[in-house]
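1. here are the coordinates; sequence isn't available:
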């Protein structure tokens, strides 16, 4: 893990940012009732792209990193994340398969439990359900919910709380981490340079979502969604444990 953060040092930018506030008291007195539902069932397997910001909280490298993400998911337990920095510099590829995870950096693969790697990347453990909700993927809920206002309810599953308003998750609370969403306007199509020459731009949604994670009262990460595409199937080799000397064939995507 130390080698990974050496790569980040050249990309760290120090800054201050407003910390959003959570609106839910997960310890309140609620009238819980069993409930089952599913969101975005069409995205059982999917790919997603967008911008990511991480506040790295490692002793030597405290600071803010901004880059792009591409994420592939075959199931709530199988993920492949490619993170790039400015000028399309490859920062890391992370493969998650259940509790096991592997990170590619500086030409080698390292392995560690996902909880450990996610704490280094996002300052808190982030499970498959939370990732899927933030990216617009599938979310199958089997737990308890309670009404908290007109058109809003609070649901809990495996110790994680989800505030749902008008059919959409708008807030997530997981231990010392809470994540707040807001709708953002993003550019679509092609941008034009001042000379009038079209400039290619990554396809984006007209209405995007920004998810800001706060851990122990401090900004932890921001995911800004650009696009999500449903996949019929994703090859299992994308999520298989790599050999120690295996190159990442997707490193230049």
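-> Cool, got the structure. A quick note: this is a predicted structure, and the numbers were derived from the prediction, not measured.

2. C-alpha from now on. contacts and neighbour counts both.
-> Noted.

3. Report the contact partners of residue 130.
-> Residues near residue 130 by CA atoms under 8 Å, 6 or more residues apart in numbering: residue 172.

4. List the buried residues of the strand or helix carrying residue 111.
-> Assessed by DSSP states H and E, residue 111 sits inside strand 108-113. Buried residues in strand 108-113, counting neighbours by 16 or more other CA atoms under 10 Å, are found at 109, 110, 111.

5. and if you look at stretch 134-150?
-> 134-140, 143-148.

6. The residues you listed into TSV, with extra columns for secondary structure and distance to residue 155?
-> Shown next, in TSV, are the buried residues of stretch 134-150 (DSSP: H, G, I helix; E, B strand; the rest coil; distance: CA to CA, whole Å):
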residue	secondary structure	distance to residue 155
134	helix	16
135	helix	19
136	coil	18
137	coil	18
138	coil	16
139	strand	13
140	strand	12
143	strand	7
144	strand	6
145	strand	4
146	strand	6
147	strand	9
148	strand	10
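
7. remind me which residues of the stretch 151-253 of the chain are low pLDDT?
-> 184-208, 243-253 (pLDDT under 70).

8. let's see 50
-> The model of the stretch 151-253 of the chain has pLDDT under 50 over residues 188-200, 203-206, 249-253.

9. Strands of that one, start to end?
-> Along the stretch 151-253 of the chain, counting by DSSP state E, counting those that start in this stretch, strands occupy 152-157, 160-165, 168-174, 177-185, 191-192, 198-199, 207-215, 218-231.

10. Which among these is found nearest to residue 54?
-> The closest of the strands of the stretch 151-253 of the chain to residue 54 is strand 218-231. By CA to CA, the value is 4.4 Å.

11. The closest one pairs with which strands?
-> Here strand 218-231 is paired, per DSSP bridges, with strand 45-56 (antiparallel), strand 207-215 (antiparallel).

12. Do me a favour and average the pLDDT over stretch 113-124.
-> For stretch 113-124, the mean per-residue pLDDT is 82.

13. tell me how far it is from the chain's mean position?
-> 12 Å (CA atoms, centre = their mean, to the nearest Å).

14. Residues in contact with that stretch: which ones?
-> Contacts for stretch 113-124 (CA under 8 Å, 6+ apart): 54-58, 96, 99-101, 125-126, 176-177, 215, 220-221.

15. are any of these buried, and which?
-> 54-57, 96, 100-101, 125-126, 177, 215, 220-221.

16. Out of the residues you listed, flag the one nearest to residue 37.
-> Taking CA to CA as the measure, residue 37 lies nearest residue 126 of the buried ones among the contacts of stretch 113-124, at 21.2 Å.

17. so who does that closest one touch?
-> Contacts of residue 126 were listed using CA under 8 Å, 6+ apart, and they are 115, 118.

18. likewise the one 10 residues further on?
-> Residue 136 makes contacts with 40, 228, as judged by CA under 8 Å, 6+ apart.

19. Same check on residue 222?
-> Residues in contact with residue 222 (CA under 8 Å, 6+ apart) are 52, 53, 54, 210, 211, 212, 213.

20. Taking those together, which two end up most distant?
-> 54 and 210 (13.3 Å).

21. nearest spatial neighbour of residue 238, skipping sequence neighbours?
-> Distances taken as CA to CA, 6 or more residues apart in numbering place residue 80 nearest to residue 238, at 7.0 Å, with adjacent residues excluded.

22. and that neighbour, what does it touch?
-> Residue 80 touches 71, 72, 73, 93, 94, 95, 96, 238, 239, counting by CA under 8 Å, 6+ apart.

23. Mind putting the residues you listed into CSV with distance to residue 160 and secondary structure?
-> Conversion of the contacts of residue 80 to CSV gives the following (distance: CA to CA, whole Å; DSSP: H, G, I helix; E, B strand; the rest coil):
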residue, distance to residue 160, secondary structure
71, 22, strand
72, 23, strand
73, 21, strand
93, 27, strand
94, 23, strand
95, 23, strand
96, 20, strand
238, 28, helix
239, 25, helix
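
24. before we move on, the earlier item: and the direction of the helix or strand harbouring the residue nearest to residue 238 versus that of strand 45-56, what angle?
-> Taking DSSP H and E as the criterion, residue 80 maps to strand 78-84. Interaxial angle of strand 78-84 relative to strand 45-56 (axes from the mean of the first three to the mean of the last three CA atoms, to 10 degrees): 50 degrees.
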